[in-house]
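Kindly return the folded structure for what I paste below:
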Amino acid sequence: MNVGQNPLHPTLDGPKRIKSALLSVFHKDGLEPLVRELDKLGVHLYSTGGTQEFIEKLGIPVTPVEDLTSYPSILGGRVKTLHPKVFGGILGRRDLDSDVAQLEQYEIPPIDLVIVDLYPFEVTVAAGGSEQAIIEKIDIGGISLIRAAAKNHHDVVIIPAMAHYPALLKILTEQEGSTTLSQRKAFAAVAIGVSSQYDSAIHNWMAGGEADLRVSAGPTHVLRYGENPHQQGRFHGDLEDLFEQLNGKALSYNNLLDLDAALELIDDLATINGVPFAILKHNNACGAAVRPTLKDAWDAALAGDPVSAFGGVLITTAEIDKHTAEAIDGLFFEIICAPGYETEALSTLRRKKNRMILRRKEAERPKVKVRTALNGILSEDADTIATNKASLNIATDKAPSTQESSDLVFASILVKHTKSNAIVLAKNHQLLASGTGQTSRVDALQQAIAKAGKFEFDLHGAVMASDAFFPFPDCVEIAHKAGITAVVHPGGSIRDQDSIDYCNANGLAMAITGTRHFKH
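Reported below is the predicted structural model:
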């Protein structure tokens, strides 16, 4: 939000000095400097409850809202600011004689600044709060104050969340307590956005996902460009909830898409015993492995396709140690994401100033996927099913070996996160090759076999995973001739038996999961 830079000339942009302010906030973090500056400027402060106590402990004069309204806080604090003497002071139009006359008639003091920080409804829901606890975190007075002040932004400044305290403080100190109309309007726009997001969260919780879609994703970040340089790109949300960026340039539109794919893949691979490491390009894994140690996992992942790894996105669930960092440093890559970095490892990786180094935080991932289509929006539940050994239903006379079963799980996870039509070839928890985004499943398989040959992988004893069923036995036949000994697919074709019969006749093991994983 650009509210503190390049204000328009006062005669054109309506500068107004703040003389009175109402503060009613849940979080007090960062509030003290703002309160002290308001006091320094001689602003008359009104407040309620815990905010009032906070201000009083600072030794700063504050008028309780109860003294203004001559009415106490009632119903356990549910009703505090909902009173004509509060909302009249906010909504009164200073340039309308009839409003000014009524304010004087009813002894309503104008309020020039409203600072609100809403009850943490979304945090309470995410923490698994009881229904009653969640309901009590539905803010009524705060939302009403936000909307009233935003509506009358011609005269009133609205600060709707603690994230915007610094922006207001900067304006107050630089402009000696005055604001311009463009600044007030910018704050008002942010405030309505906060209100919209808050109401959307309440709607979605109450509706339980069965009503009309309501999406409000948080602050907007303008990116360098979109998928291509001629497209404008934006991200709507708070990346700081997911990552701490330790080095490098700002994340791009394509970086964010790759990271989204990387997080989903690595979280599924983490269900396999060992340390997972993956390398992605254009949302697909070009290298992946699970090994007992991080360095071994990195070496195996890179070996899968050292050419495509150039400029890729690297991700793991383990802390990056010095030894592994030194090996990684030899590759040009865009992003590395891990839960932590040893001090010497971080110093090594920071040798390239543009490398984007991210420390991943624990955060809940979206349960619903959303994308635009035609003249509307498509939404669906996130694909949270990951193959495990229990979901491998053996369809052939020959059962896979213990290692083959484990590799079938590994390959199934990888193919789930690969663009359809997709085939994955794997052995010993290492991605050997994949066929991605082909219009024919046979083409995807042949692409994978050719790629494995390019990097001199021996496919004898390897496994094959498909994201959808085999409509004909041609894929298992081609795989068998390449050395594949076990295959896994969702099943569901009316001709499944043809593929099963081929496997039985040629000594292949086949598992059917019953779950398709198209990815478009």
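
just the strands in the stretch 51-200 of the chain please.
All strands of the stretch 51-200 of the chain, identified by DSSP state E, counting those that start in this stretch, fall at 63-64, 113-117, 157-159, 178-179.

Which positions in the longest one come out as buried?
What it means is strand 113-117. Residues of strand 113-117 classed as buried by neighbour count (16 or more other CB atoms under 10 Å): L113, V114, I115, V116, D117. (Glycine included, C-beta is placed from N, CA and C.)

Can you lay out the strands of the stretch 51-200 of the chain as TSV showing distance to D498?
Listed next are the strands of the stretch 51-200 of the chain as TSV, based on distance: least, CB to CB, whole Å:
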stretch	distance to D498
strand 63-64	81
strand 113-117	64
strand 157-159	67
strand 178-179	74
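
L314 contacts P276, doesn't it?
No: with contacts defined as CB atoms under 8 Å, L314 does not count as touching P276, sitting 11.7 Å away.

Would you mind measuring from whatever residue is furthest in space from the centre of the chain to P84?
In the chain, Q105 marks the outermost C-alpha relative to the chain mean, sitting 51.0 Å out by CA atoms, centre = their mean. Q105 is 12 Å from P84, where distance means CB to CB, to the nearest Å.

From T485, how far off is the residue farthest from the centre of the chain?
On the measure of CB to CB, Q105 and T485 end up 90 Å apart.

repeat for L280
Relative to T485, and taking CB to CB, L280 is found at 28 Å.

okay, these two: which has more neighbours?
Set side by side, L280 and T485 give different neighbour counts by other CB atoms under 10 Å, the larger being at L280 (26 against 23).

gap between that one and I336?
The span separating L280 from I336 equals 11 Å under the rule CB to CB.

For A411, which non-adjacent residue is spatially closest?
The shortest distance from A411 to any residue that is not its chain neighbour, by CB to CB, 6 or more residues apart in numbering, is 3.6 Å, and that residue is A465.

On the three-state scheme, that neighbour is what?
Using DSSP: H, G, I helix; E, B strand; the rest coil, the structure places A465 in strand.

Do I have it right that it meets I484?
No: with contact defined as CB under 8 Å, A465 and I484 do not form a contacting pair (10.3 Å).

Quick check: end-to-end length of stretch 266-273?
As for stretch 266-273, its first-to-last residue distance stands at 13 Å under the measure CA to CA, to the nearest Å.

Flag every buried residue along it.
Neighbour-count burial for stretch 266-273, counted by 16+ other CB under 10 Å, picks out I266, D267, D268, L269, A270, I272.

Could you dump the residues you listed into CSV with secondary structure, distance to D443 and pLDDT added?
As requested, the buried residues of stretch 266-273 are arranged in CSV below (DSSP: H, G, I helix; E, B strand; the rest coil; distance: CB to CB, whole Å; pLDDT from 0 to 100):
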residue, secondary structure, distance to D443, pLDDT
I266, helix, 28, 97
D267, helix, 29, 96
D268, helix, 25, 96
L269, helix, 26, 97
A270, coil, 31, 96
I272, coil, 29, 96
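
Which single one of those is nearest to A433?
Nearest to A433 among those, counting by CB to CB, is L269 at 17.2 Å.

Apart from its neighbours in sequence, what residue is nearest that closest one?
Once flanking residues are discounted, L269 sits nearest to P276: 3.7 Å by CB to CB, 6+ apart.

and the helix or strand the one you found falls within, which strands flank it?
For P276, the element it lies in under DSSP states H and E is strand 275-281. Strand 275-281 pairs in its sheet with strand 284-291 (antiparallel), strand 312-316 (antiparallel), by DSSP bridges.

Going along the chain, name the helices of the stretch 351-500 of the chain.
Defined through DSSP state H, counting those that start in this stretch, the helices belonging to the stretch 351-500 of the chain, from first to last, are 402-416, 441-454, 474-482, 496-506.

And the first one, what's buried?
Burial within helix 402-416, assessed by neighbour count using 16+ other CB under 10 Å, is assigned to 404-416.

The shortest one too?
Within helix 474-482, the residues that qualify as buried by neighbour count (16+ other CB under 10 Å) are D474, C475, V476, E477, I478, A479, H480, A482.

Tell me the one of those residues nearest R350?
Scanning the buried residues of helix 474-482 for proximity to R350, where the rule is CB to CB, the winner is A482, at 43.1 Å.

ok, that closest one to H417 distance?
Counting by CB to CB, the separation of A482 from H417 is 23 Å.

go on, S98?
As for S98, its distance to H417 is 64 Å (criterion: CB to CB).

who has more neighbours, the two?
More crowded of S98 and H417, by other CB under 10 Å: H417, with 26 against 9.

for the more buried one, what are its contacts?
If you count contacts by CB atoms under 8 Å, 6 or more residues apart in numbering, H417 has them with A261, E264, L265, D268, N284, A285, K519.

who's N393 bridged to?
According to DSSP bridges, I512 are recorded as the beta-bridge partners of N393.

contacting residues for it?
N393 sits next to A511, I512, T513, G514 when contact means CB under 8 Å, 6+ apart.

7 Å - rerun?
Residues near N393 by CB atoms under 7 Å, 6 or more residues apart in numbering: A511, I512, G514.

what do you get for V114?
In this structure, V114 makes contact with L22, I90, L145, A149, V156, I158, judged by CB under 7 Å, 6+ apart.

Kindly provide the distance from the residue nearest to it when sequence neighbours are not counted to A21.
Setting aside the residues directly before and after it, V114 is nearest to A149 in space (CB to CB, 6+ apart), at 4.1 Å. Between A149 and A21 the distance is 11 Å, computed by CB to CB.

Comparing the two, which shows the higher neighbour count?
A149 (29 against 23).

pLDDT value on the more buried one, please?
We note a pLDDT of 93 for A149 in this prediction.

and it, what does it touch?
With contact set as CB under 7 Å, 6+ apart, A149 has these partners: I90, V114, V156, I158, A191.

make it 10 Å
In this structure, A149 makes contact with 22, 87, 90-91, 111-116, 155-160, 184, 187-188, 191, judged by CB atoms under 10 Å, 6 or more residues apart in numbering.

hmm, back to that, out of the contacts of H417, which is most surrounded?
Of all those, the highest neighbour tally under other CB under 10 Å goes to A285, namely 30 neighbours.

Now do the same contact list for that one.
By CB under 10 Å, 6+ apart, the contact list for A285 reads 261-262, 265-266, 269, 278-279, 301, 304-305, 308, 312-313, 315, 413-415, 417-418, 424, 431, 434, 436.

what do you get if the cut-off is 8 Å, keeping everything else the same?
Residues counted as contacts of A285 (CB under 8 Å, 6+ apart) are L265, A278, I279, L414, H417, T418, L431, S434.

Next one: it from D268, what distance?
Using CB to CB, one gets 11 Å for the distance from A285 to D268.

Ok, A189 next?
Taking CB to CB, one finds A189 at 40 Å from D268.

same deal with N204?
26 Å.

K85 too?
57 Å.

now I500
When distance is defined by CB to CB, I500 is 27 Å away from D268.

Same question for L75.
Relative to D268, L75 is positioned 48 Å away (criterion: CB to CB).

hmm, who's touching stretch 63-75?
Where contact means CB under 8 Å, 6+ apart, the residues beyond stretch 63-75 that reach it are 22, 24, 44-49, 52, 79-81, 83, 85-86, 109.

repeat for stretch 97-107
Residues lying outside stretch 97-107 but in contact with it, judged by CB under 8 Å, 6+ apart, are P84, K85, G88, G89, G92, R93, R94, I108, P109, P110.
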